[in-house]
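> Need the 3D shape of this:
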Amino acid sequence: MAQTNMLAMILAGGRGSRLHDLTNKVAKPAVAYGGKYRIIDFPLSNCANSGIDIVGVLTQYESVLLNSYVAAGGRWGLDTKDSGVFVLTPREKADSGLDVYRGTADAISQNIDFIDAYDPEYLLVLSGDHIYKMNYDKMLAFHKANKADATIAVRGVPIKEASRFGIMNTGKDNMIIEFEEKPAKPKSNLASMGIYIFNWKTMRKMLIEDMKNPNSSHDFGKDFIPVMLSEGKALYAYEFSGYWKDVGTIDSLWEANMDLLDSENELDLDDTSWKIYSEDTGITPAYIAETAKVDRAYINQGAAIGGEVKNSVIFSNVKIAPGAKVIDSVLMPGVTVYEGATVTRALVADNVKIGKDARVGSSKSEEILLVAKNVKGEDKNGKE
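Sure thing, here's the model as predicted:
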């Protein structure tokens, strides 16, 4: 098979446990976002827009929906004779007897044969659960210009939050001189975005050696980056300044959706020069009834609004009855809010029904309430 310059591997096997009931039956990268998208649409669209033709998507937990979704590479234009999106599942069994990837690097190790078939010069490794736009071709140009062995995308974060991330400490020309995994006292605020470019031949040798190491956790951040630094390899930090959101918690997923209410938000899903592709559902336009009151809302196709919507994001096929109120909330596809019900500071999961006169959430709550089950009418606690 002919050589491709850079091949992408998207790590989409995380359990997403911090999203609670949202990921009980659906893999985190398949969770809905922004009305008509899924989280996996972002790295896949970035690959398509960056001219990357071959993409492997490594799935694991609750992956049935995700596998069928990404297998249709046509929605990203990656379904020609020279391009494709390929679903790759674990082949090795853990102590539990289940097929699993033991770490981020092990996920790549188990698929060396797939990568070798395309004989790439460079390997791009991506997290499949972040929302952002990035031109990976520009990152590759940076990698080549520095004659790097590895390039890691980083983004400046508030120093008070830096201890939540893997932090890159850099020297001259953004060369990485030290890596700290979630340091208690961070020396810089350059957080790893989980986006790596490796020279494939070098990385291939390391992966094979790592597979034989019983003491390794088989993780790029915990094992590979420290080893490469200790061996004096050239590692560089590629600074990214655009919109990027790790939607690993209910609050952060809510925040990422609420960011869409800002007409000048950095993500700009209406940007035709860097389009985010998704499933074309062919549903009808949104319907706003005469009884409706809408103030600062992001409303998607198929929604039917009869009540009051304020400072909220409404996904496709949501129905809000006359007399209902939705305030500071995110309603995912197929949600129904019945007459007289009020939803405040909540994220309501797919197809949930909020009963007549029910009260869900509170304007005084510091945390966002996840509503993942139907709520009976006149229920004051947001539970069945």
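
> Model confidence for the closest residue to Glu62 other than its chain neighbours, exactly?
With C-beta to C-beta, 6 or more residues apart in numbering as the criterion, Glu62 has its nearest non-adjacent residue at 5.0 Å, and that residue is Ala27. Quick note: C-beta positions are derived from backbone N, CA and C, even for glycine. For Ala27, the pLDDT comes out at 84.

> Now for Ala27: which residues touch it?
Going by C-beta atoms under 8 Å, 6 or more residues apart in numbering, Ala27 touches Ala12, Gly13, Gly14, Gly16, Thr59, Gln60, Tyr61, Glu62, Ser63, Leu65, Leu66.

> Serialize those residues to a markdown table and add fields for pLDDT.
Output for those, formatted as a markdown table (pLDDT from 0 to 100):
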| residue | pLDDT |
| --- | --- |
| Ala12 | 89 |
| Gly13 | 75 |
| Gly14 | 71 |
| Gly16 | 57 |
| Thr59 | 90 |
| Gln60 | 83 |
| Tyr61 | 77 |
| Glu62 | 74 |
| Ser63 | 76 |
| Leu65 | 82 |
| Leu66 | 87 |
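
> between the residues you listed, which has the most around it?
Using other C-beta atoms under 10 Å as the neighbour criterion, Ala12 leads the contacts of Ala27 with 30 neighbours.

> and of the contacts of Ala27, the nearest to Asp53?
Using C-beta to C-beta, the shortest approach to Asp53 within the contacts of Ala27 belongs to Ala12, at 18.6 Å.

> can you list the residues that contact the strand ranked longest in the chain?
When the chain is parsed with DSSP state E, its longest strand is strand 190-199. With contacts defined as C-beta under 8 Å, 6+ apart, strand 190-199 is touched by 6, 11, 121-127, 130, 132, 134, 136, 139-140, 143, 148-157, 162, 164-170, 220-221, 237, 239-240, 244.

> Go through these and flag which are in strands.
Short answer: these in strands (DSSP E) are 6, 11, 122-127, 130, 132, 150-156, 166-170, 237, 239, 244.

> before we move on, the earlier item: show me what the following helix or strand past the longest strand of the chain is packed against.
Sequence order places helix 200-211 as the next helix or strand after strand 190-199, per DSSP states H and E. Using 3 or more C-beta pairs under 8 Å, 6 or more residues apart in numbering; DSSP states H and E, the elements in contact with helix 200-211 are helix 104-109, helix 112-118, strand 122-127.

> And helix 200-211, how far out from the chain middle?
26 Å (C-alpha atoms, centre = their mean, to the nearest Å).

> Which SSE is immediately downstream of it?
Heading C-terminal from helix 200-211, the first helix or strand you meet, by DSSP H and E, is helix 225-230.

> What's the mean pLDDT across that next one?
The average pLDDT within helix 225-230 is 94.

> before we move on, what about stretch 330-343?
Per-residue scores along stretch 330-343 average to 97.

> Could you list the buried residues of it?
The neighbour-count check on stretch 330-343 (16 or more other C-beta atoms under 10 Å) flags 330-338, 340-343 as buried.

> can you put these in CSV and add secondary structure and distance to Ala71?
CSV is the format used below for the buried residues of stretch 330-343 (DSSP: H, G, I helix; E, B strand; the rest coil; distance: C-beta to C-beta, whole Å):
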residue, secondary structure, distance to Ala71
Val330, strand, 28
Leu331, strand, 28
Met332, coil, 23
Pro333, coil, 21
Gly334, coil, 23
Val335, coil, 27
Thr336, strand, 31
Val337, strand, 34
Tyr338, coil, 37
Gly340, coil, 43
Ala341, coil, 38
Thr342, strand, 41
Val343, strand, 35
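
> quick one: secondary structure of the nearest residue to Ala107 once chain neighbours are set aside?
Distances taken as C-beta to C-beta, 6+ apart put Tyr101 closest to Ala107, at 3.9 Å, once the chain neighbours are dropped. At Tyr101 the chain is in coil, as set by DSSP: H, G, I helix; E, B strand; the rest coil.

> So the residue nearest to Ile288 when sequence neighbours are not counted versus Asn317, what's the distance?
In this structure, Ile288 finds its nearest non-sequential neighbour in Ile305, 5.0 Å apart by C-beta to C-beta, 6+ apart. Counting by C-beta to C-beta, to the nearest Å, the separation of Ile305 from Asn317 is 12 Å.

> With neighbour numbers in mind, choose between these two.
Of the pair Ile305 and Asn317, Ile305 is the one with more neighbours under other C-beta under 10 Å, namely 25 against 21.

> Would you quantify the distance from that one to Val330?
15 Å.

> give the contact list for the spatially most central residue of the chain.
Among the residues of the chain, the one closest to the centroid is Asp129, at 2.1 Å (C-alpha atoms, centre = their mean). Asp129 makes contact with Ala12, Gly14, Gly16, Lys28, Pro29, Ile39, Asp246, Val247, Gly248 under the criterion C-beta under 8 Å, 6+ apart.

> Could you report the distance from it to Ala346?
Distance of Asp129 to Ala346, computed by C-beta to C-beta: 22 Å.

> what's the answer for Gly84, then?
Distance from Gly84 to Ala346, by C-beta to C-beta: 40 Å.

> more crowded one of those two?
Ala346 (28 against 14).

> For the closest residue in space to the more buried one that isn't next to it in sequence, give me phi and psi.
Leaving out its chain neighbours, the residue that sits closest to Ala346 by C-beta to C-beta, 6+ apart is Gly361, at 3.8 Å. Main-chain torsions, Gly361, degrees, to the nearest 10: phi 80, psi 170.
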